[in-house]
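Asker: Can you look at this prediction? I've put the sequence above it.
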Amino acid sequence: MNIFLHELKDNRKSTIIWTLSLVAVVVLFMALFPSIAKDSEAFKKVLENYPESLRKAIGMSLDSITSLLGFYSYVFTYVVLCGAIQAMNLGVSMLSKETREKTADFLLTKPVTRTQIVTAKLLAAVVSLILSNLVVIMAALVAAQAVSERSFDTKAFLLISLTAFFVECMFLALGILISVLVPKIKSVLPLSLGTVFGFFILNMFGSVIGDKAVRYLTPFKYYDPGYISKHQTYEIRFIVIEVIFIIVAVTASYFIYAKKDIHAV
Amino acid sequence: MNVIELNNLTKTYGKARGISNISFTVEEGEIFGFIGPNGAGKSTTIRTMLSLIYPTSGSATIFGKDSVKFAPEIKKEIGYLPSEVFYYDNMKVKDLLKYSGSFYKKDCSQRIKQLAELLDLDLNKKIDDLSFGNKKKVGIVQGLLHEPKLIILDEPTSGLDPLMQQKFFDLLKEENKKGTTILFSSHILSEVQKMCDRVAIIKEGELVKVEKISTLKENNHKRFKLETKAPMPQGFLQIAGVQNLEIDGLHVSFLYSGNINLMLQKLAQLELLNLWIEEPDLEEIFMHYYEKGN
Amino acid sequence: MNLFWREMKANRKSLIIWGIGLLFMVVAGMAKYEGYSSSGQSINELISQMPKSLQAIIGTGDLDLSTAIGFYGMLFYYLLLMAAIHALMLGANIIAKEERDKTAEFLMAKPISRTRIISSKLLAALVNVVIFNLVTLVLSLAMVSHYQQTGEQLDDIYLLMAGMFLVQLIFLAVGAVIAAVGKRPKRAAALGTVLLLLTYLLSIAVDLNEKIEWLQYVTPFKYFEAKRVLADGTLETTFVAITIVVVTILIAITYHFYQKRDLQI
């Protein structure tokens, strides 16, 4: 419990900064919605001069991206990006910081098992992420209600918002696994930025060219807002993949960390 | 009861460094010295005992329990002071010590205050702002605040001024009187000589000897220095008990442990110009353990 | 010169990893061009009539994805993002690492002025950035010429790379300045990341609303955008000028503050 509280305190500053930045991003982007809605109305008029088949194809997707939920889904991509970096940072630094700051000797000569240490730190990281998400989701909801003239599907809105946390959990688990595998991590950020942006670019690129296989490769694609708002639920397939991945990564991390030699500074 | 029991403790890192087949025991209430030159494997041994690293083979038993299997339980009663202290930079001394104390199921606040006062340590400063010596003090308080039954010190005195060193030694002796066992690792012999009852000597990862300090010093070790009239015949002093033989022209010097009468009879065969027989200091006795390749 | 080579060696591994990332990005990205079924002339024409904000959301802008170079233009957005991350991390870490790794005492006790130290380090960083740029250039030329149709110009790639180089310089200087001025060198990379994310998100927001177009001067990601460069066939003088001025000022500040800095040991 003391390690958990200590970690939570240690995470506090960065959690607050990330949370505020995310709120700023959500509010800033949502504030742009009214002008987008106007643009889209105008464009629909232009569309009327085009043949019906074409109109249908483009009109459909236009509606889905310029509705409030559609626009939120677009904005949400970037929220998830930031959240993923936050989570990956937490995951990578969680255990490696004790070695980097040379405090491992202090912590590991205390009467606690390494399993207890990992558990406490993991819990603290998850709680930090949950708190951060709660605040961001509330801010998003308030912002959405403020800019939307028509009512929107709140349940779908929340279901979409929740997926940020799911994606973050995957990056958290990935981060922990990397941190116990790499012998010496001098600085966390290049590692987590490189990884997260790698997946993000894969995701963005994949969605522009409509590649199907990419969906399985990058966590950013696991929860498709379009599917969620249509079916009011997640795709079971991806939930299963995520759960399996997290269990494997976290178990492996526990195991490797318990067996790891902690060398003198 | 043996507080520490090492059985053929071995740790290898690929082909390089490490320790092999270290075995010794430390009894309850002892101050046990652990001595060797830099890189001999002192820290490796200690880190294995604390299960910071895991033995390749052999085992360490502390309080009668296996050091790997019962690590958390054992650590309840261990206080550890590493040679270089590093703590969470952005914490205050007070908060760090409180955090440290929170790992043990007892109230340590009184003890923290007492120790800090004794060592003249400002509890309200940030760790970041402390000098090396003051960080070391934090380390000492941190290692003693839960009144452990076993204190493990890895080169503890570096960074402490002589006055503080004395205070620290007094503190350790006081703890020892209360029945605390102390394992004291160092490469400074005078420290060990001052503090310890017994000593284990380690060199290049192997245990050379475990000996009582008193025996080591008594052990009939005498330093002989002589000046002869003519060069000493070759191999003249090749007898049991002669160590560190140095011949520089007509000047001869060596350490001797054994029957003094025999040696004197032997020396009587020479024509001497001068003869000194002195009590050697510990340093000299150890020197030949330290020298490589023996 | 010894310090320069030391830094080159220290960054070699990271540069190789980035190179592999680039290789993957360019090769896999352009390979998708072959399989990419262009939505046809009429849709392209329609998209070009869309308001800018909607184009941005759809993700293609007004790039002509049916040509190899147009498709590459889309890829370039992500290459630019990668280059910016690389340059920023490099700039921040190369200055901050001595204090972070507690090697500052070692280095400062040597008979070498701080100005020399910064010069050597910045030179090493510059060479790294140039290598990064050249690798991208070679890969891009190879892949685009492999897929190009007859009559397409490859010269624009040189132009895009020149733009990318300028953006790299900006982020390199930003990273260096943060590390040199900031009080806690450990946080330099983190602070830089916040700035990078902010400007990246800003560049997206600018696309969404024409009213905030003036913000394009604040975010380097907008300076040499593929869609503009490809349409104009040149880099905009204003932005080139801004870049040169900004980089010069930032480098001057870096020298000045590092000179006066109380090193954290």
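Answerer: Looks like it arrived, so ask away. Numbers count the residues shown, from 1 in each chain, chains lettered A, B, ... in the order given.
Asker: Can you list the buried residues in the helix or strand that contains residue B:209?
Answerer: Assessed by DSSP states H and E, residue B:209 sits inside strand B:206-212. Within strand B:206-212, the residues that count as buried by 16 or more other Cβ atoms under 10 Å in any protein chain shown are B:207-208, B:210-211. To be clear about C-beta, it is placed using only N, CA and C from the backbone, and glycine gets the same treatment.
Asker: Around chain A, pick out the residues from the stretch 151-265 of chain C.
Answerer: Within the stretch 151-265 of chain C, the positions adjacent to chain A are C:189-190, C:193-194, C:197-198, C:201, C:204-205, C:208-209, C:211 by Cβ under 8 Å from any Cβ of the partner chain.
Asker: Restricted to helices, list these.
Answerer: C:189-190, C:193-194, C:197-198, C:201, C:204-205, C:208 (DSSP state H).
Asker: neighbours around the residue in the stretch 1-150 of chain C that chain A sits nearest to, how many?
Answerer: At 4.0 Å from chain A, residue C:51 is the closest residue in the stretch 1-150 of chain C, using Cβ to the nearest Cβ. Around residue C:51 there are 18 other residues, counting by other Cβ atoms under 10 Å in any protein chain shown.
Asker: Kindly report the same for residue A:120.
Answerer: That count, for residue A:120 with other Cβ under 10 Å as the rule, works out to 19.
Asker: Can you classify it by secondary structure?
Answerer: On the three-state scheme (DSSP: H, G, I helix; E, B strand; the rest coil), residue A:120 is labelled helix.
Asker: re the thing from before, give me the phi and psi for the residue of the stretch 1-150 of chain C closest to chain A.
Answerer: phi -60, psi 150 (degrees, to the nearest 10).
Asker: ok, it touching residue A:44?
Answerer: No. With contact defined as Cβ atoms under 8 Å, residue C:51 does not count as touching residue A:44 (10.9 Å).
Asker: Check whether stretch A:133-149 comes near chain C.
Answerer: No. Figure legend: stretch A:133-149 not in contact with chain C (Cβ under 8 Å from any Cβ); closest approach 12.6 Å.
Asker: Residue C:147 and residue A:190, how far apart?
Answerer: 32 Å (Cβ to Cβ, to the nearest Å).
Asker: nope, residue B:95 is what I meant
Answerer: In terms of Cβ to Cβ, residue B:95 sits 31 Å off from residue A:190.
Asker: Comparing those two, which residue is more hemmed in?
Answerer: residue A:190 (22 against 17).
Asker: buried residues in the helix or strand hosting the more buried one?
Answerer: Residue A:190 belongs to helix A:188-209 when assigned by DSSP H and E. Neighbour-count burial for helix A:188-209 flags A:188-197, A:199-209 (criterion: 16+ other Cβ under 10 Å).
Asker: Same check on stretch B:257-264?
Answerer: Those would be B:257, B:263, for stretch B:257-264 by 16+ other Cβ under 10 Å.
Asker: who touches that stretch?
Answerer: The contact list for stretch B:257-264 (Cβ atoms under 8 Å, 6 or more residues apart in numbering or on different chains) reads B:219-222, B:224, B:239-241, B:243, B:256.
Asker: and stretch C:22-36, C-alpha only, in PDB?
Answerer: Output of stretch C:22-36 as PDB, limited to C-alpha atoms (Å, rounded to 0.1, in the frame of the first residue of the first chain):
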ATOM      1  CA  LEU C  22      12.300   5.000 -42.400                       C
ATOM      2  CA  LEU C  23      13.000   2.100 -44.600                       C
ATOM      3  CA  PHE C  24       9.900   0.300 -43.400                       C
ATOM      4  CA  MET C  25       7.800   3.400 -43.700                       C
ATOM      5  CA  VAL C  26       8.800   4.400 -47.200                       C
ATOM      6  CA  VAL C  27       9.000   1.000 -48.700                       C
ATOM      7  CA  ALA C  28       5.800  -0.400 -47.100                       C
ATOM      8  CA  GLY C  29       4.100   2.900 -47.700                       C
ATOM      9  CA  MET C  30       4.900   3.200 -51.400                       C
ATOM     10  CA  ALA C  31       4.200  -0.500 -51.900                       C
ATOM     11  CA  LYS C  32       0.600   0.300 -50.900                       C
ATOM     12  CA  TYR C  33       0.400   2.700 -53.800                       C
ATOM     13  CA  GLU C  34       0.400  -0.200 -56.200                       C
ATOM     14  CA  GLY C  35      -2.600  -1.800 -54.500                       C
ATOM     15  CA  TYR C  36      -4.300   1.500 -54.000                       C
END
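Asker: and that stretch, how far from the chain's centre?
Answerer: 20 Å (Cα atoms, centre = their mean, to the nearest Å).
Asker: Tell me how many other residues surround residue 83.
Answerer: In the absence of a named chain, this looks at chain A. 25.
Asker: Chain C is the one I meant
Answerer: Count around residue C:83 with other Cβ under 10 Å applied: 24.
Asker: could you measure it against residue C:227, distance?
Answerer: When residue C:83 is compared with residue C:227 (using Cβ to Cβ), they lie 17 Å apart.
Asker: How about residue B:223?
Answerer: 89 Å.
Asker: do the same with residue C:182
Answerer: Counting by Cβ to Cβ - residue C:182 and residue C:227 are separated by 35 Å.
Asker: Which strands or helices does the helix holding residue A:190 pack on?
Answerer: helix A:68-100, helix A:154-181, helix A:214-217, helix C:12-35, helix C:68-100, helix C:188-208 (3 or more Cβ pairs under 8 Å, 6 or more residues apart in numbering or on different chains; DSSP states H and E).
Asker: and the helix or strand that residue B:113 is a member of, which residues are buried?
Answerer: If you go by DSSP H and E, residue B:113 is part of helix B:109-119. For helix B:109-119, the neighbour count (16+ other Cβ under 10 Å) marks B:111-112, B:115-116, B:118-119 as buried.
Asker: One more: stretch A:175-187?
Answerer: A:175-180, A:185, A:187.
Asker: Quick one: distance of that stretch to the chain centre.
Answerer: 20 Å.
Asker: So which bits of the stretch 51-200 of chain A are right by chain B?
Answerer: Residues of the stretch 51-200 of chain A lying near chain B (Cβ under 8 Å from any Cβ): A:101-106, A:108-113, A:116.
Asker: how about a cut-off of 7 Å?
Answerer: A:101-103, A:105-106, A:108-113 (Cβ under 7 Å from any Cβ of the partner chain).
Asker: In TSV: those residues, plus pLDDT, neighbour count and secondary structure.
Answerer: Output for these, formatted as TSV (pLDDT from 0 to 100; neighbours: other Cβ atoms under 10 Å in any protein chain shown; DSSP: H, G, I helix; E, B strand; the rest coil):
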residue	pLDDT	neighbour count	secondary structure
A:101	84	17	coil
A:102	85	18	coil
A:103	89	19	coil
A:105	89	25	helix
A:106	90	23	helix
A:108	91	20	helix
A:109	90	24	coil
A:110	91	21	coil
A:111	92	17	coil
A:112	92	19	coil
A:113	93	15	coil
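Asker: okay, those residues in CSV with distance to chain C next?
Answerer: CSV is the format used below for those (distance: Cβ to the nearest Cβ, whole Å):
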residue, distance to chain C
A:101, 9
A:102, 10
A:103, 14
A:105, 16
A:106, 18
A:108, 21
A:109, 22
A:110, 25
A:111, 30
A:112, 26
A:113, 29
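Asker: Closest to residue A:50 out of those?
Answerer: residue A:101 (62.2 Å; Cβ to Cβ).
Asker: Wait, residue B:145 touches residue B:110, no?
Answerer: No. Using Cβ atoms under 7 Å, residue B:145 is not in contact with residue B:110; the gap is 9.6 Å.
Asker: ok, residues contacting stretch C:194-208?
Answerer: A:21, A:25, A:28-29, A:32, A:36, A:78, A:82, C:52-53, C:56, C:81, C:84-85, C:88, C:171, C:174, C:212-213, C:215-216, C:218-222 (Cβ atoms under 7 Å, 6 or more residues apart in numbering or on different chains).
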